[in-house]
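Enquirer: When you get a sec, could you give me coordinates for this:
(chains A and B)
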Amino acid sequence: DTGVSQNPRHKITKRGQNVTFRCDPISEHNRLYWYRQTLGQGPEFLTYFQNEAQLEKSRLLSDRFSAERPKGSFSTLEIQRTEQGDSAMYLCASSRGKSEAFFGQGTRLTVV
Amino acid sequence: AQKVTQAQTEISVVEKEDVTLDCVYETRDTTYYLFWYKQPPSGELVFLIRRNSFDEQNEISGRYSWNFQKSTSSFNFTITASQVVDSAVYFCALSDSYGGSQGNLIFGKGTKLSVKP
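Expert: Sure, this is the predicted structure:
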C-alpha cells in the first residue's frame, strides 16, 4: 500500500451537475477525513469517519454535500447541483487510531 | 475558538540560508496537538511533525527543527541550510481533540517558501 489514493485527480463539470469523488485510505486505517482547500488557503475540515460511522460534519458541508464510507474502507464524497463556489481541491486523509493523518494528492474540482 | 496564524505569506531565500517559519495558535483547551505539514507543488500534504501540549522540548530532525513555546503560543519551524527541494507551502495546524471522537485539524493559511539556487 503506497498511501491514500484519490480519484479522479481532476474534474471539470458544468454548474448544476452532480459529481462524486472517491478516496481509498491506507489499509487498516480506521479514520478517514475529508478537507477542502481553496487557492491560497489552508485545508478546511469537512467531515470525519471512524470505520463506517460519520462522527462529525463541518458547517461547510451543506445539504448538497454527502459523504459515505459504507464498509469502513473507501469513502465517497458527492456534491449535488454544483456551484462555482464549490471549485476547490478536495483532500482526503486517513489515520490509524491516534497516529498522524496521511493525506492523498487530492481531487481538483473546477465548476464552469 | 481555535485559530492558527501564519503571518508570513511568502518567504524567499537563497540556497544554504537558514529560514524560520512562524506559527501562532489560539485555543482554550489544555490538551491539544500541533502539527506541521509540507505541501509541494504536486499537492499532497506531507506530515512533518506532531507535538502535544505537554511536551515543550524542542525537536530536531536533520535540517529541520521546531521550537514550541506555550508562553507565547508559538510553534515555529526552522530549516537550516535550505535547499531548492524545500520549496513548498508549509502549513501549521492545531487539533484540540486528538484521539477523541473529533479528529479535525485547524490549519493556518500557509507560508510559501521559495528557495533559489
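
Enquirer: can you pull the pLDDT of B:G99?
Expert: pLDDT for B:G99: 45.

Enquirer: I'd like to check which residues are in contact with the residue of chain B found nearest chain A.
Expert: Here chain B gets closest to chain A at one residue, B:F107, 3.1 Å apart by Cβ to the nearest Cβ. (Glycine included, C-beta is placed from N, CA and C.) Contact analysis of B:F107 by Cβ atoms under 8 Å, 6 or more residues apart in numbering or on different chains lists A:G42, A:P43, A:E44, B:V4, B:Y37, B:F91, B:C92, B:A93.

Enquirer: Give the full set of residues in contact with the closest residue in space to it that isn't next to it in sequence.
Expert: Distances taken as Cβ to Cβ, 6 or more residues apart in numbering or on different chains place A:G42 nearest to B:F107, at 3.1 Å, with adjacent residues excluded. With contacts defined as Cβ under 8 Å, 6+ apart, A:G42 is in contact with B:V4, B:F91, B:A93, B:F107, B:G108, B:K109, B:G110.

Enquirer: do A:T82 as well
Expert: A:T13, A:K14, A:R15, A:G16, A:Q17, A:N18, A:V19, A:R64, A:L109, A:V111.

Enquirer: again with A:A93
Expert: Applying Cβ under 8 Å, 6+ apart to A:A93 gives the contacts A:V4, A:L32, A:Y33, A:Y35, A:A101, A:F102, A:F103, A:G104, B:L45.

Enquirer: quick one: which two of those are the most distant?
Expert: A:L32 and B:L45 (14.7 Å; Cβ to Cβ).

Enquirer: Just list what the lowest-mean-pLDDT helix or strand in chain B packs against, helices and strands only.
Expert: Least confident element among the helices and strands of chain B, by mean pLDDT, DSSP states H and E: strand B:59-61 (a mean of 88). Strand B:59-61 sits against strand B:46-52, strand B:64-69, with contacts defined as 3 or more Cβ pairs under 8 Å, 6 or more residues apart in numbering or on different chains; DSSP states H and E.

Enquirer: Tell me where chain B has strands.
Expert: In chain B, the strands defined using DSSP state E lie at B:3-5, B:10-14, B:19-21, B:24-26, B:33-39, B:46-52, B:59-61, B:64-69, B:74-79, B:88-95, B:106-107, B:111-116.

Enquirer: What residues of the fourth one count as buried?
Expert: Of the residues in strand B:24-26, those with enough neighbours to count as buried (16 or more other Cβ atoms under 10 Å in any protein chain shown) are B:V24, B:Y25.

Enquirer: For it, report the contacting residues that lie outside it.
Expert: B:1-7, B:32, B:34, B:72-75, B:92, B:94.

Enquirer: before we move on, what about the third one?
Expert: For strand B:19-21, the surrounding residues in contact (Cβ under 8 Å, 6+ apart) are B:6, B:8, B:11, B:13, B:76-79, B:82, B:90, B:92, B:111, B:113, B:115.
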